[in-house]
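K.L.:
let me see the structure of the following:
(4 chains)
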Number of protein chains: 2
Amino acid sequence: MNETLPTLQDVATAAGVSTATVSRAINQPDKVKEKSRNKINDAIVKLGYAPHGAARALASRRTQTIGAIVPTIDNGIFAKGIHYLQRGLKEANYTLLLASSNYNSDEELNEARTLISRGIDGMVMIGETHHPGVYELLNRHSIPVVNLWIYDPQSKYSCIGFDNSLVGRRIAEYLLAQGHKDIAVISGFQARNDRATQRVSGIRQFLQQQGLELKPELVRECRFSVDDARLAFQDLVNSGHPFTAVICGGDILALGALSAARDLGISVPESLSITGFDNLEICAALSPGLTTIDVPAKKMGKYAAEYLLKCIKNQEKGIHRMQLDADLIIRETSGPAPTR
Amino acid sequence: MNETLPTLQDVATAAGVSTATVSRAINQPDKVKEKSRNKINDAIVKLGYAPHGAARALASRRTQTIGAIVPTIDNGIFAKGIHYLQRGLKEANYTLLLASSNYNSDEELNEARTLISRGIDGMVMIGETHHPGVYELLNRHSIPVVNLWIYDPQSKYSCIGFDNSLVGRRIAEYLLAQGHKDIAVISGFQARNDRATQRVSGIRQFLQQQGLELKPELVRECRFSVDDARLAFQDLVNSGHPFTAVICGGDILALGALSAARDLGISVPESLSITGFDNLEICAALSPGLTTIDVPAKKMGKYAAEYLLKCIKNQEKGIHRMQLDADLIIRETSGPAPTR
DNA sequence: TTGAAAGCGATACCAG
DNA sequence: CTGGTATCGCTTTCAA
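P.N.:
Numbers count the residues shown, from 1 in each chain, chains lettered A, B, ... in the order given. Down below sits the predicted model:
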């Protein structure tokens, strides 16, 4: 019952041509006479032939596959970007091999190793700080890379994203304009997340320039979960240091803060402003609407696909850095600082 | 600068053994004398050798890769299950190749074709209704499958999940017990989603058994987005048919309904009860807390990995059906029906 | 426990 | 435009 599957050879025999011709008919149809092409196509359909990816990859030294490592697929943060990346790749008949690192550098290296071993023609990662081994591997295998979610004009690698530091600054700027002076921060772990680090430093720098300070006592780091953010917020309140605004490193964190504030009877935005980051669709409909940063996920995914495909076709060489906008979206969780 | 990468042959030469022995040292270490093994490992490290996946797949007729097709990765619904699936596979050194069908049967067939062509040793899908071509392909290539998110004792294919009809029934049962008689439904498109279909029919059947009716005028279908659910809810209200509860086919839909209700000044749960489905972490912290169904995503992912790995090792044959619980979680968006 | 050698299924170069 | 054939890097009998 399990007859062996048809191979190129079978198709060739059935169509009365050589395997070379069948291969061409599939990969460069215009290089084959129409008559032969038709015979071949008929044979393919009749036999239900499907090319064998591994054999193809081995012979052509191309896998038609792009790898991506994201910190997590557990929440929707990276989903949209991945979705559009996938879409762009699919159009060119490329497949996406997706892995996650759990915000952990060693796991990332492992995943990279696996992906490369499986065979990828290009790689997408989030942020620019990665295990040096990852870059080394990619380099050895001459695999083009592009880092998303960041923009750094100095970067040694291609990147498509936005300036996280600037975004941090922009949020701080907005809050200051609203009269806030005591600002707290709930961020992802900075040690494992260069985007978070940059944003916080953007905030810190701007406050300093304005003669204010981002007090270390008002900065918390936690996992990217609603519950952890709740705890972080409670801790912030318990610390006794007053603050009138909390900048959160993600909508999920902001949700946690919002919910904890609600439980503590702190009214938002009257006595506390909260800002998020990501602009998750699911958060847009909440009440109160979350003030947040809209991340250009769609563009990042789309351009990343375009860029890598160009690299593979050798139409593009060298490093490519693209800066995109990340806009502040003002909704209802933020407002003027309370007057005392 | 781009020297060719080391191959098995290089390692063999460096270690002074044959390629066969190196291959064994990698794949069945116990079949190689310790001394040779050490020499080989040293050579591997020294050369920075990494096996070539395609060559390996071609020769061994195994790809160490499992494919999965989910309806969408755009929101977090399937993320958790995928996460645990991935985790289980990784432990066994398997990789997950993820594709999405956008709830579309033809796209699904295409994705399946691509996955199979790329080479997969097992397949995971959501729901049991799939393009017949998909099952045909899997069968021809003797690729084991398991369907998640459903449990059907009659299914011709392995499945690990819960009885959607029963879950629908349970929600209806709960609402009736709360005194609700006029129940509306906002569901995903039933034509493209067997889980949705089963849930709605579970609801319908239970209502009928209780001498009530699920009025067609009170059933809406829409895309899985907050905005579309808002529109569906508004439409439901505008239709003029009274209802005191809305069963939504997903937390995202419930959020949309909730937000629309808020805009219309309908108080929840006082004058309207709303239930969701999925128990997304992000929804747990909302206020009011969403009454919903907790989907056993973790278990489905984990068991799916275990099952497929067993199939591949030939330790498991035949169809395997596993029923898991999906619990009703009562929070604050539901309550007693308003008395008139 | 090891090695020699025959594939695995395609691609791509070189002739014709 | 087409065919013959070496080759890609590894696994897997079969013998030794």
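K.L.:
the lowest-mean-pLDDT helix or strand in chain A vs chain B: in contact?
P.N.:
Least confident helix or strand, chain A: helix A:281-284 with a mean of 82, by mean pLDDT, DSSP states H and E. Yes. Contact of helix A:281-284 with chain B (CB under 8 Å from any CB of the partner chain) involves A:Glu281, A:Ile282, A:Cys283, A:Ala284. Any C-beta I mention is one placed from the backbone N, CA and C, and that applies to glycine too.
K.L.:
repeat for stretch A:331-340
P.N.:
No. For stretch A:331-340, no contact with chain B is found by CB under 8 Å from any CB; the gap never falls below 12.1 Å.
K.L.:
buried residues in that stretch, which are they?
P.N.:
Buried residues in stretch A:331-340, counting neighbours by 16 or more other CB atoms under 10 Å in any protein chain shown, are found at A:Arg331, A:Thr333, A:Ser334, A:Gly335, A:Ala337.
K.L.:
now do stretch A:241-252
P.N.:
Quick answer for stretch A:241-252 (16+ other CB under 10 Å): A:Phe243, A:Thr244, A:Ala245, A:Val246, A:Ile247, A:Cys248, A:Gly249, A:Gly250, A:Asp251, A:Ile252.
K.L.:
max pairwise distance over those residues: which two?
P.N.:
A:Thr244 and A:Ile252 (22.1 Å; CB to CB).
K.L.:
and the helix or strand containing A:Met300, what does it pack against?
P.N.:
Assessed by DSSP states H and E, A:Met300 sits inside helix A:297-312. With contacts taken as 3 or more CB pairs under 8 Å, 6 or more residues apart in numbering or on different chains; DSSP states H and E, helix A:297-312 sits against helix A:79-91, strand A:122-126, strand A:145-148, strand A:159-161.
K.L.:
just how off-centre is the first one within its chain?
P.N.:
What separates the centre of helix A:79-91 from the centre of its chain is 11 Å, taken as CA atoms, centre = their mean, to the nearest Å.
K.L.:
list the contacts for the residue in the stretch 201-340 of chain A positioned nearest to DNA strand D?
P.N.:
The stretch 201-340 of chain A approaches DNA strand D most closely through A:Ile312 (17.8 Å), counting by CB to the nearest atom of the strand. A:Ile312 makes contacts with A:Arg62, A:Asp121, A:Gly122, A:Pro144, as judged by CB atoms under 8 Å, 6 or more residues apart in numbering or on different chains.
K.L.:
buried subset of these as a ChimeraX selection?
P.N.:
Command for ChimeraX that selects the buried part of the contacts of A:Ile312, burial taken from 16+ other CB under 10 Å:
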select /A:121,122,144
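K.L.:
make CSV out of the contacts of A:Ile312 and add distance to DNA strand C and pLDDT.
P.N.:
Shown next, in CSV, are the contacts of A:Ile312 (distance: CB to the nearest atom of the strand, whole Å; pLDDT from 0 to 100):
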residue, distance to DNA strand C, pLDDT
A:Arg62, 7, 92
A:Asp121, 12, 96
A:Gly122, 17, 97
A:Pro144, 18, 96
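K.L.:
can you put the contacts of A:Ile312 in a markdown table and add distance to DNA strand D?
P.N.:
Compiled in a markdown table, those are given as follows (distance: CB to the nearest atom of the strand, whole Å):
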| residue | distance to DNA strand D |
| --- | --- |
| A:Arg62 | 12 |
| A:Asp121 | 15 |
| A:Gly122 | 19 |
| A:Pro144 | 19 |
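K.L.:
returning to what we had before: can you name the next helix or strand after the least confident helix or strand of chain A?
P.N.:
Next element after helix A:281-284 (DSSP H and E): strand A:292-294.
K.L.:
could you see whether chain B lies near that following strand?
P.N.:
No. For a cut-off given as CB under 8 Å from any CB, strand A:292-294 has no contacts with chain B; the smallest distance is 13.7 Å.
K.L.:
got the buried residues for the helix holding A:Met300?
P.N.:
Within helix A:297-312, the residues scored as buried using 16+ other CB under 10 Å are A:297, A:299-309, A:311-312.
K.L.:
how far is it from where the chain is centred?
P.N.:
Per CA atoms, centre = their mean, the centroid offset for helix A:297-312 relative to its chain is 12 Å.
K.L.:
which elements pack onto the helix or strand following it?
P.N.:
Counting by DSSP H and E, the next helix or strand C-terminal to helix A:297-312 is strand A:321-323. Here strand A:321-323 touches strand A:159-161, going by 3+ CB pairs under 8 Å, 6+ apart.
K.L.:
as a whole number, average confidence for the strand it packs on?
P.N.:
In this model, strand A:159-161 has a mean pLDDT of 98.
K.L.:
what does it contact?
P.N.:
Outside strand A:159-161, the residues touching it (CB under 8 Å, 6+ apart) are A:128, A:146-152, A:296, A:299-300, A:303-304, A:307, A:320-324.
K.L.:
could you redo the last one with a cut-off of 7 Å?
P.N.:
Here strand A:159-161 makes contact (CB atoms under 7 Å, 6 or more residues apart in numbering or on different chains) with A:128, A:146-152, A:300, A:303-304, A:307, A:321-322, A:324.
K.L.:
ditto for stretch A:136-151
P.N.:
A:81, A:112-113, A:116, A:120-128, A:157-164, A:194-195, A:300, A:304, A:307-308, A:311-312, A:321, A:323, B:2, B:5.
K.L.:
please indicate which of these are buried?
P.N.:
For the contacts of stretch A:136-151, buried by 16+ other CB under 10 Å: A:81, A:112, A:116, A:120-128, A:157-164, A:194-195, A:300, A:304, A:307-308, A:311-312, A:321.
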